[in-house]
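In: With the input below, show me the fold.
(one chain, ligands or ions: 2)
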Amino acid sequence: MKLALTIAGSDSGGGAGIQADLKTFSAHGVFGMSVITSVTAQNTMGVLGIEDISPEMVLLQMKAVFEDLYPDAVKIGMVSNGEIIRAITEGLKKYEPEGVVLDPVMISKSGSHLLKPEAMEALKKELIPLSLVVTPNLMEAEALSGIKIKGKECMRDAAKRILALGAKTVVIKGGHLAGDALDIFYDGKDFYEMASERIVTQNTHGTGCTFSSAIAANLALGYTLLESVKRAKEYITGAIRYSLDIGHGVGPTNHFWNCRKYSSAHCPANNVRGHMYGFKTLCGH
Ligand SMILES: Nc1ncnc2c1ncn2[C@@H]1O[C@H](COP(=O)(O)OP(=O)(O)OP(=O)(O)O)[C@@H](O)[C@H]1O
Ligand SMILES: Cc1ncc(CO)c(N)n1
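Out: Numbering: from 1, shown residues only. Ligands and ions are numbered 1, 2, ... in the order given. Down below sits the predicted model:
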C-alpha cells in the first residue's frame, strides 16, 4: 500500500482542502493521512470563518504521521500563517520526505484570505525551497513572481522567476485564463504544455486542491514527476467535466468519475455517457 499525506486546511463543505485531498488519494488507491493546519467553516457559497490550529499541534500531527506511517508523498495546501509555516518547515527538515507538492493557496474562489498576507515571505523563503514542485494558479504565480501574467509567454517568464526562489520545478495553472485550460510545467530546462478544452461549468470548487493532491498520489504510486503531472491533469479534467451540481454556489469536483467500482449515479464510467466520452478507468476497476 502506498501512503500520501496532506498538510492543509479543513473545508467543512467537503469540496476543497483536506477533504478534497483525501478523496483524491482514495480515488487513486492510495492511503491518505492528514495534518490539519486550519479549520474553515466553508461551503459552496463561501468561507464563514477560519480558526488556525496551533503550530505546536501542527508539528505534533507531523510527528505522529512520520514516526509511524511515513508517507511516500506529501501535498501542502492552505498554511494560513507564518508560525504554521515555520512548524511545517521544521517538520519537513526533520523528517525529509521526498515528493513534496506545494499548492501555494492564497485566496479562496469566494475571495477569503486563506494565507495571511504577512506570511507570503515565509511561504516564499521557507516552504518553496523544500518542495519538489510548486503549483500556483495565475494569481498566485503573479504574487510569487512579481509580474502580471497576460498569456503563455508571461507564464513561462513567471515560471523562471519562481524557480529562482528555490523551487525545483513549477506548474503554472492557466485555469483562470481565457481559452483552453493550459498549464505549463517547467523543470529548469524544458517547458511542457498541458492543455485541455475549457469545460463550461460553474462547479470548480476545489480544482487546485484536487490537482495538487493527484500529483502527490501519482508520485506516491511511483510515477515520475512529469508523468504524475500529466496524469493529474487527466484526473482534474474528468473531475471538472463531471463536477457536482450540489449546494447553492460553486459546486465541487467529482472524485468518482473514473472509477467503475462505484456503481454510483455520479460515475460516468458506469453509464453510456461515460463510455461515449471514451474515458478509461485509472484505478483499473
Ligand atoms: N473550466 C475548466 N476546464 C478545464 N480545466 C480547468 C477549468 N478550470 C480549471 N481547470 C484546470 O484545473 C486545474 C486547477 O486550476 P485552477 O486554476 O482552477 O486552480 P486554483 O485556482 O488553484 O483552484 P482553487 O480555487 O481550488 O484553489 C488546472 O489544471 C486547470 O487548468
Ligand atoms: C481549506 C481550503 N483549502 C484550499 C482552498 C482552495 O481555494 C479552499 N477553498 N479551502
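In: Spit out the contact partners of the closest residue to ligand 1 within the stretch 1-150 of the chain.
Out: With C-beta to the nearest ligand atom, the shortest gap between the stretch 1-150 of the chain and ligand 1 falls at Asn137, namely 3.5 Å. C-beta: built from backbone N, CA, C; applies to glycine. Listed by C-beta atoms under 8 Å, 6 or more residues apart in numbering, the contact set of Asn137 reads 172-173, 175-176, 208.
In: Closest one to Tyr70 out of these, please.
Out: Distances from Tyr70 to the contacts of Asn137, taken as C-beta to C-beta, are shortest for Gly208 (26.0 Å).
In: neighbours of the closest one, just the number please.
Out: 25 (other C-beta atoms under 10 Å).
In: and the strand or helix carrying it, does that touch ligand 1?
Out: In the assignment (DSSP states H and E), Gly208 maps to helix 207-220. Yes - applying C-beta under 6 Å from any ligand atom, one finds helix 207-220 touching ligand 1 at 207-209, 211.
In: out of these, who's nearest Ala16?
Out: Ala16 lies nearest to Cys209 out of the residues of helix 207-220 next to ligand 1, by C-beta to C-beta, at 4.8 Å.
In: isn't the closest one right next to Asp103, touching?
Out: Yes - if you go by C-beta atoms under 8 Å, Cys209 and Asp103 touch, sitting 6.7 Å apart.
In: interface residues of the stretch 1-150 of the chain facing ligand 2?
Out: So the stretch 1-150 of the chain meets ligand 2 at 8-9, 11, 16-17, 40, 42, 77-78, 105, 108-109, 114 (C-beta under 6 Å from any ligand atom).
In: and those residues, which are buried?
Out: 8-9, 11, 16-17, 40, 42, 77-78, 105, 108-109, 114 (16 or more other C-beta atoms under 10 Å).
In: ok so, going back, most neighbours of all the contacts of Asn137, which one?
Out: Busiest of the contacts of Asn137 [other C-beta under 10 Å] is Ile172, holding 29 neighbours.
In: Name whatever forms a beta bridge with that residue.
Out: Beta-bridge pairing for Ile172 (DSSP bridges): Ile184.
In: Now do it against Leu226, distance only.
Out: 15 Å (C-beta to C-beta, to the nearest Å).
In: returning to what we had before: single out whichever of the residues of the stretch 1-150 of the chain next to ligand 2 has the smallest pLDDT.
Out: Minimum pLDDT for these is recorded at Lys109 (85).
In: wait, what's in contact with the closest residue to Val47 other than its chain neighbours?
Out: Spatial nearest neighbour of Val47, chain neighbours left out: Ser112 (3.8 Å); criterion: C-beta to C-beta, 6 or more residues apart in numbering. The contact partners of Ser112, by C-beta under 8 Å, 6+ apart, come to 40, 46-47, 50.
In: Distance check, Ser112 against Leu48.
Out: Distance from Ser112 to Leu48, counting by C-beta to C-beta: 9 Å.
In: Could you do Glu126 as well?
Out: To Leu48, Glu126 is 30 Å away according to C-beta to C-beta.
In: re the thing from before, which residue sits closest to the residue of the stretch 1-150 of the chain closest to ligand 1, ignoring its sequence neighbours?
Out: Once flanking residues are discounted, Asn137 sits nearest to Lys173: 4.8 Å by C-beta to C-beta, 6+ apart.
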